[in-house]
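> I need the structure of the sequence given here:
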Amino acid sequence: MLTRPMHALRYLVGIAVLLVVDSASGARPATSPAATVLEITGAIGPATSRYVVKGLERAQAAGSSLVILQMDTPGGLDISMRDIIRAILASPIPVVTYVSPPGARAASAGTYILYASHIAAMAPATNLGAATPVSIGGDHGPPDQDSKKNGSDRPEEGGGKDAMERKVVNDAVAYIRGLAELRGRNADWAEQAVRSAASLSATAALAQKVIDVIAPDIPDLLRQLDGRSVKMGERTVKLATGGLVVERVQPDWRTSFLAVITHPTVAYGLLLIGIYGLLFEGYNPGAVLPGVAGAISLLIALFAFQILSVNYAGLALVVLGVGMIVAEFFFPAFGSLGLGGLIAFVVGSLILFDTDVPGMDIGLPLIAAIATVGGLVVFAIVWLAVRARRHPVVTGVQAMVGDTAEVIDGFIGRGRVRYGGEVWNARAVPQLHAGQSVRIVKVEGLTLWVEPL
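Below is the predicted model of the structure:
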């Protein structure tokens, strides 16, 4: 009699357990494996290195199976490039550098990053190379200049280059050859890219074993990488990229802010705003706003200059030039201070970021525009000064000479005249009559020398 109810009770309990298990599994869905994509676009600087390093850390914390650096860069700063490479070499997750979209490039610093990655890939119609290092402080000619003259790929000792340039080039060659040997890539071409600024298209790079894959897009790249083995330190990892979900990581606000203020043009503008703001506050105490804006802008500019490669002689010339232009307002130099300041300002601006690294210099149109405005201001100051010098005096005792006065009582020799509503002592040679108009010819203390009109 109790058998059927017991079976029904067991049946209901079983259904309840299944529902609880199902709801629990639904509350904690299994996460799909992902491929994290970080975009490197434009010149590589401090903001880019921070974005990539933080992105690799985030991908590791999120359990990503793969990190893809989608790259289109003309190059950048050496210190930022090395920060990125150190992060790649220390990454426990395979890193793929993918030069994309078609038409993109991995020039200069981008070539080093591509060589450091576990997998090197390019889209069709892209290129890489031209990895010759350039130094802050001017171009001394291409690094292969002497070698071309001697018919050799290596510079001849005692050639036209100075010792420092040879040190920089040899250091870069050793660095990129080490990366090539670590990843099993073409080390000889890597040296040519540094010494001779050689470049390759995607097809040629694949043929010379510089890269591993050519893929038109990321889905095709993941399909080609599926099942490929890569060496991660002392172990070999087989990639399973067939079902990876692509997750793009955008820069956070700190990285975006750093990218803005460390752009040379922006840092240059902040410097000028800071200098002029503090000057206006100094000449107009209590205005507050120019001083606050100037102080904030100057501090941000100085922070950016600590990060950027700045020629401090250029910075000093810019500050000196601005100071001389402002001094033209207050000293009767008739344009000499303003002209000298304008020359110092332009020269300082040209060498402030004296580098051949693409994207790390100030646009010449901006310098020309600011110099033109400064020149117009100096010209206006000189023109106003000359014009004021030619005008007759309109204030003080000298302004009275030539004006007319009215005789109060007739007199010969000494008497009184009315001028500007005031009664003055007067002296005259001829006889003057009451109400007669006279001209002031000289002022001696409180006495006017007059003559008849």
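> please count neighbours and contacts with C-alpha atoms only from this point.
OK.
> state the phi and psi torsions of the most centrally placed residue in the chain.
A centroid search over the chain (Cα atoms, centre = their mean) returns H263, at 1.4 Å, as the residue closest to the centre. Phi and psi for H263, reported as degrees, to the nearest 10, are phi -70, psi 130.
> quick one, grab the pLDDT at it.
Note for H263: predicted pLDDT of 77.
> next, count neighbours for the residue nearest to N127 when sequence neighbours are not counted.
Leaving out its chain neighbours, the residue that sits closest to N127 by Cα to Cα, 6 or more residues apart in numbering is S201, at 4.3 Å. By other Cα atoms under 10 Å, the residues close to S201 number 17.
> could you do the one 4 residues further on as well?
Using other Cα under 10 Å as the criterion, A205 is surrounded by 22 other residues.
> could you do the one 3 residues further on as well?
Here the count is done by other Cα under 10 Å, and Q208 has 14 residues near it.
> state whether it and N186 are indeed in contact, as I suppose.
Yes: at 6.8 Å, Q208 counts as touching N186 under the criterion of Cα atoms under 8 Å.
> which stretches of the stretch 251-400 of the chain have low pLDDT?
For the stretch 251-400 of the chain, residues meeting the criterion pLDDT under 70 lie at 288, 305-313, 328-329, 331-335, 350-364, 381, 385, 388-396.
> please redo it, this time with the cut-off set to 50
357 (pLDDT under 50).
> need the strands for it, in chain order.
With DSSP state E, counting those that start in this stretch, there are no strands along the stretch 251-400 of the chain.
> where do the helices sit along it?
Assigned by DSSP state H, counting those that start in this stretch, the helices in the stretch 251-400 of the chain fall at 253-261, 264-283, 289-307, 312-327, 336-352, 364-390.
> what residues does the first one touch?
Helix 253-261 is touched from outside by G45, P46, A47, T48, R50, Y51, V266, A267, I300, A301, A304, with contacts defined as Cα atoms under 8 Å, 6 or more residues apart in numbering.
> tell me how far the fifth one lies from D217.
With distances taken as Cα to Cα, to the nearest Å, R50 is found 26 Å from D217.
> more crowded one of these two?
Of the pair R50 and D217, R50 is the one with more neighbours under other Cα under 10 Å, namely 18 against 15.
> which residue packs closest to that one, ignoring adjacent ones?
What sits nearest to R50 in space, not counting adjacent residues and going by Cα to Cα, 6+ apart, is T255, at 6.9 Å.
> residues near the one you found, how many?
Neighbour count of T255, defined by other Cα under 10 Å: 17.
> next one: P285
P285 is flanked by 11 other residues according to other Cα under 10 Å.
> same thing with S229?
Neighbourhood size, S229 [other Cα under 10 Å]: 14.
> ramachandran angles for M164?
Phi and psi for M164, reported as degrees, to the nearest 10, are phi -60, psi -40.
> so how far is A116 from it?
Taking Cα to Cα as the measure, M164 and A116 are separated by 25 Å.
> between those two, who's got more neighbours?
Between M164 and A116, A116 has the larger neighbour count (other Cα under 10 Å), namely 26 against 10.
> my read: the more buried one touches E181, true?
No: counting by Cα under 8 Å, A116 does not reach E181; the two are 9.8 Å apart.
> which SS state does V52 fall under?
At V52 the chain is in helix, as set by DSSP: H, G, I helix; E, B strand; the rest coil.
> residue contacts, it?
By Cα under 8 Å, 6+ apart, V52 lies in contact with L38, I84.
> so how far is L69 from it?
Distance check for V52 against L69: by Cα to Cα, it reads 8 Å.
> joint contacts of these two?
Common neighbours of V52 and L69 (criterion: Cα under 8 Å, 6+ apart): L38.
> ends of stretch 207-225, what's the gap?
Stretch 207-225 stretches 18 Å from its first residue to its last (Cα to Cα).
> may I see the buried residues of it?
Residues V210, I211, D212, V213, I214, A215, P216, I218, P219, L221, L222, L225 are the ones in stretch 207-225 that count as buried (16 or more other Cα atoms under 10 Å).
> and if you look at stretch 83-91?
Those would be D83, I84, I85, A87, I88, L89, S91, for stretch 83-91 by 16+ other Cα under 10 Å.
> nearest to G375 among the residues you listed?
Nearest to G375 among the buried residues of stretch 83-91, counting by Cα to Cα, is D83 at 42.8 Å.
> list the contacts of the longest strand along the chain.
In the chain, taking DSSP state E as the definition, the longest strand is strand 422-432. Strand 422-432 is contacted by residues 407, 410-418, 446-452 when judged by Cα under 8 Å, 6+ apart.
> CA atoms only: put the next helix-or-strand element following it into PDB for me.
Per DSSP states H and E, the first helix or strand lying C-terminal to strand 422-432 is strand 437-444. In PDB, the C-alpha atoms belonging to strand 437-444 read as follows (Å, rounded to 0.1, in the frame of the first residue of the first chain):
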ATOM      1  CA  SER A 437      43.600 135.500 -27.400                       C
ATOM      2  CA  VAL A 438      47.200 134.700 -27.000                       C
ATOM      3  CA  ARG A 439      49.500 131.700 -27.800                       C
ATOM      4  CA  ILE A 440      51.600 130.100 -25.100                       C
ATOM      5  CA  VAL A 441      55.200 129.900 -26.200                       C
ATOM      6  CA  LYS A 442      57.000 128.800 -23.000                       C
ATOM      7  CA  VAL A 443      56.200 127.600 -19.500                       C
ATOM      8  CA  GLU A 444      58.500 128.600 -16.600                       C
END
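> the longest strand of the chain to strand 437-444, inter-axis angle?
Counting by axes from the mean of the first three to the mean of the last three Cα atoms, to 10 degrees, strand 422-432 lies at 110 degrees to strand 437-444.
> ok, V266 - how many residues close by?
15.
> and V347, by the same measure?
17.
> distance of it from G341?
Separation of V347 from G341 (Cα to Cα) stands at 10 Å.
> next: T255.
Noted for T255: a distance of 36 Å to G341, by Cα to Cα.
> got it, and A174?
Distance of A174 to G341, given as Cα to Cα: 45 Å.
> any stretches of the stretch 1-150 of the chain with poor pLDDT?
The stretch 1-150 of the chain contains residues with pLDDT under 50 at 1-9, 11-13, 15-31, 136-150.
> where along it do the strands fall?
Using DSSP E, counting those that start in this stretch, the strands of the stretch 1-150 of the chain run over residues 34-41, 66-72, 95-99, 105-107, 119-122, 127-129.
> not counting residues beside it along the chain, what's closest to A47?
The shortest distance from A47 to any non-neighbouring residue, by Cα to Cα, 6+ apart, is to A259 (4.9 Å).
> ok, V230 - contacts?
Taking Cα under 8 Å, 6+ apart, we find V230 in contact with P94, H118, I119, T236, V237, K238, L239.
> isn't the fourth one up against S229?
Yes: taking contacts as Cα under 8 Å, T236 lies within contact range of S229: 6.5 Å.
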